[in-house]
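1. Predicted structure and sequence below. I'll ask about it afterward.
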Amino acid sequence: MAAPGKVAAFRLPPLPTIGEIIKLFRLKALKQLSQNFLLDLRLTDKIVKQAGELKNAHVCEVGPGPGGITRSILSAGVEQLLLIEKDARFIPGLQMLSEAAPGKVRIVHGDILTYKMEKAFPKHLIKSWEDEPPDIHIIGNLPFSVSTPLIIKWLENVSKRDGPFFYGRTQMTLTFQKEVGERLTANPGSNQRSRLSVMAQHLCTVENCFVIPGQAFVPKPEVDVAVVHFTPLVQPKIQQPFELVEKVVQSAFQFRRKYCFRGIETLFPENGRLKRTEQLMMTANVDPTLRPFQLSMSQFRNLCNAYRKMCDEDPSLFVFNYREELRQKKMTRSTDQPEQTEEENQL
Ligand SMILES: C[S@@+](CC[C@H](N)C(=O)[O-])C[C@H]1O[C@@H](n2cnc3c(N)ncnc32)[C@H](O)[C@@H]1O
(Lines give C-alpha, C1' and ligand atoms only; values in the text may rest on other atoms or scores of the structure.)
Protein backbone atom coordinates (compact mmCIF):
# COMPACT_ATOMS: atom_id res chain seq x y z
CA MET A 1 0.00 0.00 0.00
CA ALA A 2 1.27 3.50 -0.80
CA ALA A 3 2.27 5.26 2.42
CA PRO A 4 -0.08 8.23 2.55
CA GLY A 5 2.05 11.38 2.46
CA LYS A 6 1.62 14.58 4.39
CA VAL A 7 0.30 17.68 2.69
CA ALA A 8 0.74 21.35 3.65
CA ALA A 9 4.56 21.21 3.76
CA PHE A 10 4.67 24.48 1.78
CA ARG A 11 2.34 27.43 2.20
CA LEU A 12 1.03 29.11 -0.96
CA PRO A 13 0.35 32.85 -0.61
CA PRO A 14 -3.36 33.86 -0.50
CA LEU A 15 -4.92 33.13 -3.90
CA PRO A 16 -8.40 33.37 -5.39
CA THR A 17 -10.39 30.16 -4.79
CA ILE A 18 -10.65 27.63 -7.64
CA GLY A 19 -14.27 28.76 -8.12
CA GLU A 20 -13.06 32.37 -8.46
CA ILE A 21 -10.32 31.31 -10.92
CA ILE A 22 -12.98 29.55 -13.02
CA LYS A 23 -15.06 32.78 -13.08
CA LEU A 24 -12.06 35.08 -13.55
CA PHE A 25 -10.74 33.23 -16.61
CA ARG A 26 -14.20 32.10 -17.82
CA LEU A 27 -13.23 28.43 -17.65
CA LYS A 28 -16.59 26.90 -18.45
CA ALA A 29 -16.23 23.10 -18.40
CA LEU A 30 -16.61 21.74 -21.91
CA LYS A 31 -18.95 18.76 -21.91
CA GLN A 32 -17.62 17.49 -25.24
CA LEU A 33 -14.14 17.27 -23.58
CA SER A 34 -15.60 15.55 -20.46
CA GLN A 35 -14.26 18.29 -18.21
CA ASN A 36 -15.34 17.95 -14.56
CA PHE A 37 -13.53 19.98 -11.94
CA LEU A 38 -12.71 19.37 -8.29
CA LEU A 39 -13.16 22.55 -6.26
CA ASP A 40 -12.94 21.08 -2.75
CA LEU A 41 -9.34 21.33 -1.61
CA ARG A 42 -9.87 18.72 1.15
CA LEU A 43 -10.65 16.21 -1.60
CA THR A 44 -7.70 17.26 -3.77
CA ASP A 45 -5.47 16.96 -0.64
CA LYS A 46 -6.86 13.43 -0.10
CA ILE A 47 -5.99 12.43 -3.69
CA VAL A 48 -2.49 13.86 -3.41
CA LYS A 49 -1.90 12.05 -0.08
CA GLN A 50 -2.36 8.71 -1.87
CA ALA A 51 0.77 9.41 -3.91
CA GLY A 52 2.90 9.05 -0.74
CA GLU A 53 5.62 11.41 0.56
CA LEU A 54 6.02 14.27 -1.92
CA LYS A 55 8.37 16.57 -0.02
CA ASN A 56 11.20 17.48 -2.44
CA ALA A 57 9.74 15.11 -5.07
CA HIS A 58 9.43 15.78 -8.79
CA VAL A 59 5.81 15.52 -9.86
CA CYS A 60 4.06 15.56 -13.22
CA GLU A 61 0.39 16.47 -13.09
CA VAL A 62 -1.59 15.50 -16.17
CA GLY A 63 -4.65 17.62 -17.02
CA PRO A 64 -4.43 20.20 -14.21
CA GLY A 65 -7.39 22.26 -15.54
CA PRO A 66 -8.22 25.09 -13.12
CA GLY A 67 -5.58 23.80 -10.68
CA GLY A 68 -7.28 22.28 -7.60
CA ILE A 69 -5.02 19.18 -7.46
CA THR A 70 -2.11 21.43 -8.52
CA ARG A 71 -2.48 23.48 -5.32
CA SER A 72 -2.49 20.37 -3.15
CA ILE A 73 0.65 19.08 -4.90
CA LEU A 74 2.44 22.41 -4.34
CA SER A 75 1.32 22.48 -0.71
CA ALA A 76 2.97 19.07 -0.22
CA GLY A 77 6.36 20.77 -0.65
CA VAL A 78 7.45 19.31 -4.00
CA GLU A 79 10.75 20.32 -5.56
CA GLN A 80 9.45 20.61 -9.13
CA LEU A 81 6.00 20.35 -10.68
CA LEU A 82 5.49 19.74 -14.40
CA LEU A 83 1.97 20.51 -15.64
CA ILE A 84 0.74 19.09 -18.95
CA GLU A 85 -2.53 20.65 -20.07
CA LYS A 86 -4.13 20.31 -23.49
CA ASP A 87 -6.72 23.09 -23.24
CA ALA A 88 -5.09 26.52 -23.74
CA ARG A 89 -7.83 28.30 -21.73
CA PHE A 90 -6.32 26.95 -18.49
CA ILE A 91 -2.79 28.21 -19.07
CA PRO A 92 -3.23 31.79 -17.63
CA GLY A 93 -4.75 30.43 -14.38
CA LEU A 94 -1.90 27.91 -14.08
CA GLN A 95 0.59 30.74 -14.69
CA MET A 96 -0.92 32.56 -11.72
CA LEU A 97 -0.27 29.46 -9.58
CA SER A 98 3.24 29.22 -10.97
CA GLU A 99 3.95 32.81 -9.87
CA ALA A 100 2.76 31.91 -6.36
CA ALA A 101 5.40 29.14 -6.17
CA PRO A 102 8.43 30.74 -7.87
CA GLY A 103 10.86 28.38 -9.64
CA LYS A 104 8.80 25.27 -8.94
CA VAL A 105 6.32 25.01 -11.81
CA ARG A 106 6.85 24.24 -15.49
CA ILE A 107 3.78 24.48 -17.72
CA VAL A 108 3.50 22.55 -20.96
CA HIS A 109 0.59 23.24 -23.28
CA GLY A 110 0.39 19.79 -24.86
CA ASP A 111 -1.22 16.39 -25.10
CA ILE A 112 -0.17 13.74 -22.58
CA LEU A 113 -0.88 10.99 -25.11
CA THR A 114 1.99 12.22 -27.31
CA TYR A 115 4.25 14.03 -24.79
CA LYS A 116 7.74 12.47 -24.55
CA MET A 117 8.11 11.60 -20.86
CA GLU A 118 11.71 10.34 -21.29
CA LYS A 119 12.88 13.95 -21.18
CA ALA A 120 10.50 15.26 -18.55
CA PHE A 121 12.74 15.04 -15.46
CA PRO A 122 16.43 15.62 -14.60
CA LYS A 123 18.67 12.62 -15.32
CA HIS A 124 20.12 12.53 -11.79
CA LEU A 125 16.74 11.19 -10.57
CA ILE A 126 17.18 7.90 -12.47
CA LYS A 127 17.12 4.84 -10.20
CA SER A 128 17.87 1.29 -11.21
CA TRP A 129 14.77 -0.84 -11.72
CA GLU A 130 15.56 -3.08 -8.74
CA ASP A 131 16.04 -0.07 -6.47
CA GLU A 132 13.31 1.82 -4.57
CA PRO A 133 11.03 3.87 -6.88
CA PRO A 134 12.57 7.21 -7.97
CA ASP A 135 11.41 10.44 -6.36
CA ILE A 136 9.10 11.03 -9.32
CA HIS A 137 5.31 10.82 -9.25
CA ILE A 138 2.57 11.17 -11.83
CA ILE A 139 -0.78 12.45 -10.59
CA GLY A 140 -3.86 13.24 -12.61
CA ASN A 141 -7.59 13.53 -12.91
CA LEU A 142 -8.10 13.20 -16.65
CA PRO A 143 -11.25 12.58 -18.70
CA PHE A 144 -12.06 8.84 -18.71
CA SER A 145 -11.73 8.77 -22.49
CA VAL A 146 -8.05 9.67 -21.97
CA SER A 147 -7.18 7.88 -18.70
CA THR A 148 -8.02 4.35 -19.93
CA PRO A 149 -5.97 4.43 -23.20
CA LEU A 150 -3.24 6.26 -21.29
CA ILE A 151 -2.91 3.55 -18.61
CA ILE A 152 -2.70 0.86 -21.33
CA LYS A 153 0.07 2.87 -23.01
CA TRP A 154 1.86 3.37 -19.67
CA LEU A 155 1.59 -0.33 -18.80
CA GLU A 156 3.40 -1.03 -22.07
CA ASN A 157 5.98 1.59 -21.03
CA VAL A 158 6.38 -0.19 -17.64
CA SER A 159 7.02 -3.45 -19.46
CA LYS A 160 9.63 -1.80 -21.74
CA ARG A 161 11.01 0.47 -19.02
CA ASP A 162 10.65 3.55 -21.21
CA GLY A 163 8.44 6.68 -21.17
CA PRO A 164 7.95 7.73 -17.51
CA PHE A 165 9.65 4.47 -16.46
CA PHE A 166 12.95 5.41 -18.08
CA TYR A 167 13.63 6.85 -14.58
CA GLY A 168 12.82 3.58 -12.75
CA ARG A 169 9.61 2.40 -11.13
CA THR A 170 7.79 5.76 -11.24
CA GLN A 171 4.56 5.70 -9.21
CA MET A 172 1.23 6.93 -10.55
CA THR A 173 -1.93 8.13 -8.84
CA LEU A 174 -4.74 8.48 -11.37
CA THR A 175 -8.51 8.68 -11.48
CA PHE A 176 -10.81 6.39 -13.46
CA GLN A 177 -14.48 5.72 -13.80
CA LYS A 178 -15.35 3.67 -10.67
CA GLU A 179 -16.06 0.51 -12.72
CA VAL A 180 -12.66 0.76 -14.44
CA GLY A 181 -11.00 1.14 -11.00
CA GLU A 182 -12.77 -2.08 -9.94
CA ARG A 183 -11.56 -3.89 -13.05
CA LEU A 184 -7.99 -2.71 -12.51
CA THR A 185 -7.91 -4.29 -9.04
CA ALA A 186 -10.27 -7.28 -9.51
CA ASN A 187 -9.10 -10.70 -8.28
CA PRO A 188 -9.54 -14.00 -10.16
CA GLY A 189 -13.12 -15.27 -9.88
CA SER A 190 -14.54 -11.78 -9.49
CA ASN A 191 -17.18 -10.49 -11.84
CA GLN A 192 -15.00 -7.49 -12.68
CA ARG A 193 -11.95 -9.60 -13.61
CA SER A 194 -10.98 -8.60 -17.14
CA ARG A 195 -8.12 -8.13 -19.56
CA LEU A 196 -7.28 -4.84 -17.80
CA SER A 197 -6.97 -6.61 -14.38
CA VAL A 198 -4.40 -9.09 -15.72
CA MET A 199 -2.42 -6.53 -17.76
CA ALA A 200 -2.21 -4.10 -14.81
CA GLN A 201 -1.57 -6.60 -12.02
CA HIS A 202 1.10 -8.57 -13.83
CA LEU A 203 3.17 -5.38 -14.11
CA CYS A 204 2.20 -3.29 -11.07
CA THR A 205 0.95 -3.31 -7.52
CA VAL A 206 -2.45 -1.72 -8.06
CA GLU A 207 -4.40 -0.20 -5.20
CA ASN A 208 -7.96 1.11 -5.44
CA CYS A 209 -7.56 3.92 -2.87
CA PHE A 210 -11.03 5.42 -2.53
CA VAL A 211 -14.10 6.47 -4.49
CA ILE A 212 -15.14 10.08 -5.06
CA PRO A 213 -18.89 10.44 -5.56
CA GLY A 214 -19.85 12.11 -8.83
CA GLN A 215 -21.51 15.00 -6.98
CA ALA A 216 -18.10 16.18 -5.72
CA PHE A 217 -17.32 17.39 -9.28
CA VAL A 218 -18.49 20.48 -11.12
CA PRO A 219 -20.34 19.78 -13.35
CA LYS A 220 -21.40 16.43 -11.89
CA PRO A 221 -20.48 13.46 -14.15
CA GLU A 222 -22.89 10.55 -14.65
CA VAL A 223 -20.59 8.18 -12.73
CA ASP A 224 -18.47 7.94 -9.57
CA VAL A 225 -14.69 8.19 -9.73
CA ALA A 226 -12.00 5.86 -8.36
CA VAL A 227 -8.54 7.01 -7.28
CA VAL A 228 -6.03 4.28 -8.17
CA HIS A 229 -2.35 4.04 -7.21
CA PHE A 230 0.19 2.05 -9.28
CA THR A 231 3.72 1.00 -8.33
CA PRO A 232 5.57 -1.00 -11.03
CA LEU A 233 6.78 -4.40 -9.80
CA VAL A 234 10.49 -5.22 -9.79
CA GLN A 235 9.68 -8.56 -11.44
CA PRO A 236 6.62 -8.69 -13.73
CA LYS A 237 4.47 -11.71 -12.89
CA ILE A 238 4.60 -12.82 -16.54
CA GLN A 239 8.06 -12.54 -18.04
CA GLN A 240 7.20 -12.30 -21.71
CA PRO A 241 7.03 -9.33 -24.12
CA PHE A 242 4.06 -6.99 -23.61
CA GLU A 243 2.61 -7.73 -27.07
CA LEU A 244 2.64 -11.48 -26.44
CA VAL A 245 0.97 -11.20 -23.02
CA GLU A 246 -1.59 -8.79 -24.47
CA LYS A 247 -2.39 -11.20 -27.32
CA VAL A 248 -2.88 -14.21 -25.03
CA VAL A 249 -4.93 -12.26 -22.46
CA GLN A 250 -7.06 -10.58 -25.11
CA SER A 251 -7.77 -13.93 -26.80
CA ALA A 252 -8.62 -15.61 -23.50
CA PHE A 253 -11.17 -12.91 -22.62
CA GLN A 254 -12.69 -12.87 -26.10
CA PHE A 255 -15.65 -14.98 -24.94
CA ARG A 256 -15.94 -13.97 -21.30
CA ARG A 257 -18.76 -16.31 -20.26
CA LYS A 258 -17.58 -19.38 -22.23
CA TYR A 259 -14.90 -21.96 -21.36
CA CYS A 260 -11.48 -20.35 -21.69
CA PHE A 261 -10.37 -22.69 -24.49
CA ARG A 262 -12.95 -20.99 -26.78
CA GLY A 263 -10.99 -17.75 -26.62
CA ILE A 264 -7.57 -19.41 -26.55
CA GLU A 265 -8.47 -21.23 -29.79
CA THR A 266 -8.42 -17.89 -31.61
CA LEU A 267 -4.62 -17.80 -31.21
CA PHE A 268 -4.36 -20.47 -33.90
CA PRO A 269 -5.21 -20.70 -37.62
CA GLU A 270 -8.20 -22.85 -38.54
CA ASN A 271 -5.98 -25.60 -39.89
CA GLY A 272 -4.91 -27.57 -36.76
CA ARG A 273 -6.71 -25.20 -34.36
CA LEU A 274 -8.15 -27.84 -32.02
CA LYS A 275 -4.95 -29.87 -31.80
CA ARG A 276 -2.80 -26.84 -31.07
CA THR A 277 -5.24 -25.47 -28.49
CA GLU A 278 -5.16 -28.83 -26.69
CA GLN A 279 -1.37 -28.84 -26.85
CA LEU A 280 -1.19 -25.33 -25.38
CA MET A 281 -3.66 -26.04 -22.56
CA MET A 282 -1.85 -29.29 -21.68
CA THR A 283 1.63 -27.73 -21.67
CA ALA A 284 0.30 -24.86 -19.54
CA ASN A 285 -1.53 -27.32 -17.28
CA VAL A 286 -4.73 -25.25 -17.43
CA ASP A 287 -8.21 -26.76 -17.21
CA PRO A 288 -9.83 -25.76 -20.53
CA THR A 289 -13.28 -25.64 -18.91
CA LEU A 290 -12.41 -22.75 -16.61
CA ARG A 291 -13.98 -19.41 -17.56
CA PRO A 292 -11.45 -16.69 -18.47
CA PHE A 293 -12.26 -14.63 -15.36
CA GLN A 294 -11.45 -17.66 -13.15
CA LEU A 295 -7.86 -18.00 -14.42
CA SER A 296 -5.17 -17.11 -11.89
CA MET A 297 -2.10 -15.03 -12.69
CA SER A 298 0.09 -18.15 -12.63
CA GLN A 299 -2.26 -19.86 -15.12
CA PHE A 300 -1.95 -16.84 -17.42
CA ARG A 301 1.82 -17.02 -16.96
CA ASN A 302 1.83 -20.71 -17.96
CA LEU A 303 -0.35 -19.99 -21.00
CA CYS A 304 1.97 -17.16 -22.12
CA ASN A 305 5.10 -19.29 -21.60
CA ALA A 306 3.60 -22.25 -23.51
CA TYR A 307 2.40 -19.97 -26.34
CA ARG A 308 5.87 -18.38 -26.50
CA LYS A 309 7.40 -21.84 -26.93
CA MET A 310 5.01 -22.61 -29.79
CA CYS A 311 5.78 -19.24 -31.44
CA ASP A 312 9.52 -19.93 -31.17
CA GLU A 313 8.96 -23.25 -32.95
CA ASP A 314 6.70 -21.68 -35.61
CA PRO A 315 7.45 -17.96 -36.05
CA SER A 316 4.46 -17.49 -38.38
CA LEU A 317 2.18 -18.16 -35.40
CA PHE A 318 2.61 -14.85 -33.59
CA VAL A 319 1.50 -12.80 -36.60
CA PHE A 320 -1.63 -14.89 -37.07
CA ASN A 321 -4.71 -12.68 -36.73
CA TYR A 322 -8.02 -14.39 -36.04
CA ARG A 323 -10.14 -11.41 -37.08
CA GLU A 324 -8.27 -11.15 -40.36
CA GLU A 325 -8.93 -14.88 -40.98
CA LEU A 326 -12.65 -14.31 -40.35
CA ARG A 327 -12.67 -11.30 -42.69
CA GLN A 328 -10.94 -13.23 -45.45
CA LYS A 329 -13.36 -16.15 -45.04
CA LYS A 330 -16.34 -13.81 -45.25
CA MET A 331 -14.95 -12.21 -48.40
CA THR A 332 -14.29 -15.54 -50.13
CA ARG A 333 -17.74 -16.75 -49.14
CA SER A 334 -19.42 -13.68 -50.62
CA THR A 335 -17.44 -13.84 -53.91
CA ASP A 336 -17.90 -17.67 -54.22
CA GLN A 337 -21.64 -17.62 -53.76
CA PRO A 338 -23.92 -17.32 -56.81
CA GLU A 339 -26.12 -14.26 -56.77
CA GLN A 340 -29.34 -14.97 -54.89
CA THR A 341 -32.67 -14.75 -56.57
CA GLU A 342 -35.21 -12.33 -55.22
CA GLU A 343 -37.17 -15.25 -53.78
CA GLU A 344 -34.14 -16.61 -51.90
CA ASN A 345 -33.36 -13.16 -50.54
CA GLN A 346 -36.72 -13.00 -48.89
CA LEU A 347 -36.28 -16.28 -46.97
C1 LIG B 1 -11.70 16.06 -15.77
S2 LIG B 1 -10.81 17.57 -16.02
C3 LIG B 1 -9.99 17.70 -14.47
C4 LIG B 1 -9.32 18.99 -14.18
C5 LIG B 1 -8.57 19.06 -12.86
N6 LIG B 1 -7.48 18.09 -12.82
C7 LIG B 1 -9.51 18.84 -11.69
O8 LIG B 1 -9.43 17.77 -11.07
O9 LIG B 1 -10.32 19.73 -11.39
C10 LIG B 1 -9.55 16.97 -17.13
C11 LIG B 1 -8.48 17.95 -17.54
O12 LIG B 1 -7.57 17.24 -18.40
C13 LIG B 1 -7.29 18.04 -19.55
N14 LIG B 1 -6.96 17.11 -20.65
C15 LIG B 1 -7.83 16.36 -21.37
N16 LIG B 1 -7.17 15.60 -22.26
C17 LIG B 1 -5.87 15.86 -22.10
C18 LIG B 1 -4.68 15.38 -22.73
N19 LIG B 1 -4.74 14.47 -23.70
N20 LIG B 1 -3.49 15.87 -22.32
C21 LIG B 1 -3.43 16.79 -21.33
N22 LIG B 1 -4.52 17.29 -20.70
C23 LIG B 1 -5.72 16.84 -21.07
C24 LIG B 1 -8.58 18.82 -19.77
O25 LIG B 1 -8.39 19.95 -20.57
C26 LIG B 1 -8.96 19.14 -18.32
O27 LIG B 1 -8.29 20.28 -17.88
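-> Looks like it came in fine. Residues are numbered from 1 along each chain as shown.
2. quick one: low-confidence ranges for this protein?
-> 1-9, 32, 335-347 (pLDDT under 70).
3. and it, what are its domains?
-> 18-232, 242-326 (automatic domain parsing).
4. among those, which is nearest the ligand?
-> domain 18-232 (2.3 Å; C-beta to the nearest ligand atom). The C-beta positions use only the backbone N, C-alpha and C, and glycine is treated the same way.
5. what's the spacing between the closest one and its chain's center?
-> How far domain 18-232 lies from its chain's middle: 11 Å, per C-alpha atoms, centre = their mean, to the nearest Å.
6. now the end-to-end length of it.
-> Domain 18-232 stretches 33 Å from its first residue to its last (C-alpha to C-alpha, to the nearest Å).
7. Packing partners of the strand or helix carrying residue 199?
-> Element membership of residue 199 [criterion: DSSP states H and E] is helix 195-201. Under the contact definition 3 or more C-beta pairs under 8 Å, 6 or more residues apart in numbering; DSSP states H and E, helix 195-201 sits against helix 144-160, helix 178-185, helix 242-252, helix 297-313.
8. quick one, which of those helices is nearest to residue 332?
-> Of all those, helix 242-252 sits nearest to residue 332, with 23.3 Å by C-beta to C-beta.
9. If we go by neighbour counts, what in the closest one is buried?
-> By 16 or more other C-beta atoms under 10 Å, the buried positions in helix 242-252 come out as 242, 244, 245, 246, 247, 248, 249, 251, 252.
10. if we can go back for a sec, export the helices and strands packed on helix 195-201 to CSV and append columns for distance to residue 81.
-> Shown next, in CSV, are those (distance: least, C-beta to C-beta, whole Å):
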stretch, distance to residue 81
helix 144-160, 19
helix 178-185, 25
helix 242-252, 30
helix 297-313, 36
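11. Format these as CSV; extra columns: distance to the ligand.
-> As requested, the helices and strands packed on helix 195-201 are exported to CSV (distance: least, C-beta to the nearest ligand atom, whole Å):
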stretch, distance to the ligand
helix 144-160, 4
helix 178-185, 14
helix 242-252, 22
helix 297-313, 31
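12. Apart from its chain neighbours, what residue comes closest to the most centrally placed residue in the chain?
-> Computing the C-alpha centroid of the chain and ranking residues by C-alpha atoms, centre = their mean puts residue 151 first, at 1.7 Å. The shortest distance from residue 151 to any non-neighbouring residue, by C-beta to C-beta, 6 or more residues apart in numbering, is to residue 174 (6.7 Å).
13. Tell me the spacing between the one you found and residue 195.
-> Note on residue 174: its distance to residue 195, by C-beta to C-beta, to the nearest Å, is 18 Å.
14. the more surrounded of the two?
-> residue 174 (24 against 18; other C-beta atoms under 10 Å).
15. wait, is the more buried one part of a strand?
-> Yes: membership of residue 174 in a strand is supported by DSSP: H, G, I helix; E, B strand; the rest coil.
16. For the helix or strand containing residue 83, which strands pair with it and how are they oriented?
-> Element membership for residue 83, per DSSP H and E: strand 80-85. Note on strand 80-85: by DSSP bridges, its sheet partners are strand 58-62 (parallel), strand 105-109 (parallel).
17. Just the buried residues of the following helix or strand past the last one, please?
-> Translated: strand 105-109. Later in the chain than strand 105-109, the nearest helix or strand by DSSP H and E is strand 136-140. The neighbour-count check on strand 136-140 (16+ other C-beta under 10 Å) flags 136, 137, 138, 139, 140 as buried.
18. what does the stretch 101-250 of the chain have sitting close to the ligand?
-> Within the stretch 101-250 of the chain, the residues that sit near the ligand (C-beta under 6 Å from any ligand atom) are 111, 112, 113, 141, 142, 143, 146.
19. now those residues as CSV including neighbour count?
-> Formatted as CSV, those follow (neighbours: other C-beta atoms under 10 Å):
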residue, neighbour count
111, 12
112, 22
113, 12
141, 25
142, 21
143, 17
146, 18
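20. Please identify which of those residues is nearest to residue 100.
-> Nearest to residue 100 among those, with distances taken as C-beta to C-beta, is residue 141, at 20.6 Å.
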